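K.L.:
next comes the sequence, and after it the predicted model I'd like to discuss.
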There are 2 protein chains.
Amino acid sequence: MKINDLETPALILDRKAFEANLDKMDALLKNTSMKLRPHYKSNKCSEIAKMQITRGASGITCAKLGEAEDLAKAGIKNILIANQVVQLSKIKKIAELAKSCYLIVCVDKTENIVELSLAATEAGSQIHCLVEYEVGMKRCGVDTYEEFLELAKIIDKCDGLVFEGIQAYAGHMAHEHSKEVRIAETIRIENEITGLKKYVEENGFKVKEVGGGSTGTVEQKPKESVYTDIQAGSYIFMDNAYRQLNLGFKNALFVLTTVISTKKDRVVTDTGVKSLGMDQGNPIFLGVPEDSPISMSEEHGAVYCEHNFNLNDKLLYIPGHCCTTVNIFDEIYVVDGDDVIDCWKVTGRGKAQ
Amino acid sequence: MKINDLETPALILDRKAFEANLDKMDALLKNTSMKLRPHYKSNKCSEIAKMQITRGASGITCAKLGEAEDLAKAGIKNILIANQVVQLSKIKKIAELAKSCYLIVCVDKTENIVELSLAATEAGSQIHCLVEYEVGMKRCGVDTYEEFLELAKIIDKCDGLVFEGIQAYAGHMAHEHSKEVRIAETIRIENEITGLKKYVEENGFKVKEVGGGSTGTVEQKPKESVYTDIQAGSYIFMDNAYRQLNLGFKNALFVLTTVISTKKDRVVTDTGVKSLGMDQGNPIFLGVPEDSPISMSEEHGAVYCEHNFNLNDKLLYIPGHCCTTVNIFDEIYVVDGDDVIDCWKVTGRGKAQ
């Protein structure tokens, strides 16, 4: 099958660019103290997660219980839910899931820890816990070394739970445009977490894992980082938001679209915001001048420029944000040049619970 | 089941507000020359489409072939695809679909009309065509009366096709904040389309249907409008973008979320931009001061304010945009007060092709 035979909008993965991205990340982490624990939120595709494990990833990071269940079903044996799970029905499912894989969850509150312990005890399983430490996202996590230690102590006393280490994800730096700011903030966080690890270990708790890091900050980390596990996700695909940081990864993910209407000054395609994650800005239309004005509605994307396109011609978009784009699609078509060589299910599509 | 038993994020429909919206639209159109042909893009739920037909809708409008197939499967007999379909494989599917229902598509180019005719002839079906007229969206559609007439003539000569009328959707006015501008532009378009209809009919072609109109502009239309079919979709749900226009419809659609982390100055929930359409701006968190700063990431929504929320408490969001929010979910939970009284499948979820 050729790419132009696909009905559109279709999600397209350029196999060569994708593999180059996998290689680049391996090269970045080679000869460092860090391993890759790639984030599933970006691809939601168990085929890709299995490839990452085969290449030596320490496990897979995901955001939600639903994604973890999807990964376990695919045979992934080491899964981190980098999030707080607090609903009782979900906690019970986590305790069940922990029977079949090495399951880690993040915590930042005593009552949550107690409920996880009760569920694990009842299920006869063991749940591993990373205590989340707030490094600037202003989201979840504790704010002080003392609060952190307090939770580590509680986990340690709770049946069915194992204290695993520190979650310290600096999402606020992932898309920081200034490389200087990214470097400075990465060093600041590195020092703060190094101090935290030391403090926790001096108080008798082994810190096995320190998780965090993103596509935007992995290059800034020192070779002997306090981080043991890098949770980058977008590096395999890239998108227009990351493209602007010139990180050296290739754009491998595209949305294929068909020209459905034309005028002298415009091209209208069949792909709008229902097929493109718009939370990190506009997509790029390839094949037209980059500064052309665009207008995106639900099922239409229009670009205003002089052009030579005809009805039924194909265009490619680079999505503004890869993660929220993949989240909308049911499959990814893998292409090599003009050939469609594979079709991978987005097995974690919509698993936001 | 109670609403608080649902795992979150969950899409919630307030049955009473929803029914009030259905009633309000019926009242708006009563004693006018217009019928409702509600847009499926907003709900993608065949259960709702069937209700709208039962209440007297002339048919259902949708945006894509995939949605039309979904509607036909649910037994809807009069379906308008308010869009140009140009891929040959899709055109063949349209011709097949037209065997089982009264199917209308929009056209704005001769070559598209010719291919629809060939496919209909081969399938032995009849495809009805609305010629799209551009009224300000700068998207699809012809620009002049003469171009319009030329296409009507071609459709009329083409075997397997029937000229149905005019598509003139003023999407650029749907969210116009100034009521004065909405009124003035609606009048301008009304006059232009009245002139077009007269011109086309004087040249020998009966205009059976004039389609367009949205939740934002229906109130502005005259009782004896040139429009025969109002294609409003959002009126049943509403969202934060429409809420700001004070149209008198109720917010009936919500995303239920769980508090997963708290500090004195913040509430963090388990619902982010992967469960909320963000293309028309931020959602509203109910139960916190409306001017509180918020921060939305993929799977987290944080609001910064003093509060009394605890872990596991439930919050409701009003989505920024109902259509792109529904597009992400697989089901809609229907609630009456605290009771979950039904669960409807989003049968058209992700059908963007």
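P.N.:
Sure thing, it's come through.
K.L.:
now the longest strand belonging to chain A - C-alpha only, CSV.
P.N.:
In chain A, with assignment by DSSP state E, the single longest strand is strand A:253-263. Taking C-alpha atoms only, strand A:253-263 is exported to CSV below (Å, rounded to 0.1, in the frame of the first residue of the first chain):
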residue,chain,number,x,y,z
LEU,A,253,5.2,11.9,13.3
PHE,A,254,2.8,13.5,10.8
VAL,A,255,-0.9,13.7,10.0
LEU,A,256,-1.7,13.0,6.4
THR,A,257,-4.4,15.1,5.0
THR,A,258,-6.3,15.5,1.7
VAL,A,259,-6.9,18.7,-0.2
ILE,A,260,-10.8,19.0,-0.4
SER,A,261,-11.2,22.5,-1.8
THR,A,262,-8.9,25.0,-3.4
LYS,A,263,-9.0,28.6,-4.5
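K.L.:
ignoring the adjacent residues along the chain, who's closest to residue A:214?
P.N.:
residue A:174 (4.0 Å; CB to CB, 6 or more residues apart in numbering or on different chains). For every residue, glycine as well, the C-beta is placed using N, CA and C.
K.L.:
and the next helix or strand past the helix ranked longest in chain A?
P.N.:
Longest helix of chain A, by residue count under DSSP state H: helix A:179-202. Next along the chain after helix A:179-202, taking DSSP states H and E as the criterion, comes strand A:209-212.
K.L.:
is it correct that residue A:41 is in contact with residue A:68?
P.N.:
No: here residue A:41 does not reach residue A:68: they are 11.5 Å apart, not a contact under CB atoms under 8 Å.
K.L.:
state the number of residues packed around residue A:126.
P.N.:
Using other CB atoms under 10 Å in any protein chain shown, residue A:126 has 16 neighbouring residues.
K.L.:
which ones are touching it?
P.N.:
A:98, A:120, A:160-162 (CB atoms under 8 Å, 6 or more residues apart in numbering or on different chains).
K.L.:
I'd guessed the residue nearest to residue A:214 sits against residue A:220; true?
P.N.:
No: Residue A:174 sits out of contact with residue A:220 when judged by CB under 8 Å, with a separation of 11.1 Å.
K.L.:
and the two? Which one has more around it.
P.N.:
residue A:174 (22 against 19).
K.L.:
can you give me the pLDDT of that one?
P.N.:
We have a pLDDT of 87 for residue A:174.
K.L.:
next: residue A:245.
P.N.:
Per-residue confidence at residue A:245 stands at 93 (pLDDT).
K.L.:
how far away is it from residue A:217?
P.N.:
10 Å (CB to CB, to the nearest Å).
K.L.:
show me which of the two is the more surrounded one.
P.N.:
With other CB under 10 Å as the criterion, residue A:245 and residue A:217 differ in neighbour count, and residue A:217 comes out ahead with 25 against 19.
K.L.:
list the contacts of residue A:190.
P.N.:
By CB under 8 Å, 6+ apart, the residues touching residue A:190 are A:221-222, A:225-227.
K.L.:
that one and residue A:142, how far apart?
P.N.:
18 Å.
K.L.:
thought residue A:151 was touching residue A:143?
P.N.:
No: counting by CB under 8 Å, residue A:151 stays clear of residue A:143, with 11.9 Å between them.
K.L.:
now the helices: where do they sit in the stretch 251-353 of chain A?
P.N.:
For the stretch 251-353 of chain A, the helices defined by DSSP state H, counting those that start in this stretch cover A:322-326.
K.L.:
near chain B, which residues of it are found?
P.N.:
Within the stretch 251-353 of chain A, the residues that sit near chain B (CB under 8 Å from any CB of the partner chain) are A:258-263, A:266, A:268, A:270-271, A:273-275, A:277-279, A:295-300, A:302, A:304, A:311-312, A:323-324, A:327-330, A:349-350, A:352-353.
K.L.:
restricted to strands, list the contacts of residue A:126.
P.N.:
Among the contacts of residue A:126, the members falling in strands (DSSP E) are A:161-162.
K.L.:
can you select the buried ones among the contacts of residue A:126 for me in ChimeraX?
P.N.:
Selecting only the buried entries of those in ChimeraX, with 16 or more other CB atoms under 10 Å in any protein chain shown as the criterion:
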select /A:98,120,160,161
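K.L.:
so which of the contacts of residue A:126 also contact chain B?
P.N.:
Here nothing survives when the contacts of residue A:126 are matched to chain B using CB under 8 Å from any CB.
K.L.:
what's the domain layout of chain A?
P.N.:
A:3-10+A:247-345, A:18-235 (automatic domain parsing).
K.L.:
can I get these in CSV with distance to residue B:337?
P.N.:
As requested, the domains of chain A are exported to CSV (distance: least, CB to CB, whole Å):
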stretch, distance to residue B:337
domain A:3-10+A:247-345, 32
domain A:18-235, 21
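K.L.:
pull out the buried residues from the residues of the stretch 251-353 of chain A next to chain B.
P.N.:
Among these, those classed as buried by 16+ other CB under 10 Å are A:258-263, A:266, A:268, A:270-271, A:273-275, A:277-279, A:295-300, A:302, A:311-312, A:323-324, A:327-329, A:349-350, A:352-353.
K.L.:
hang on, the earlier thing: need the overlap of contacts for residue A:41 and residue A:68.
P.N.:
residue A:62.
K.L.:
please say which of those two ends up with more neighbours.
P.N.:
The residue with more neighbours, out of residue A:41 and residue A:68, is residue A:68; 30 against 27, by other CB under 10 Å.
K.L.:
run the angle between the helix or strand hosting residue A:148 and helix A:179-202 for me.
P.N.:
Assigned by DSSP H and E, residue A:148 belongs to helix A:145-157. Relative orientation of helix A:145-157 and helix A:179-202, computed by axes from the mean of the first three to the mean of the last three CA atoms, to 10 degrees: 50 degrees.
K.L.:
does chain B sit close to helix A:145-157?
P.N.:
No: if you take CB under 8 Å from any CB as the test, helix A:145-157 misses chain B, and the best it gets is 10.6 Å.
K.L.:
show me what counts as buried in that helix.
P.N.:
A:145, A:148-149, A:151-152, A:154-155.
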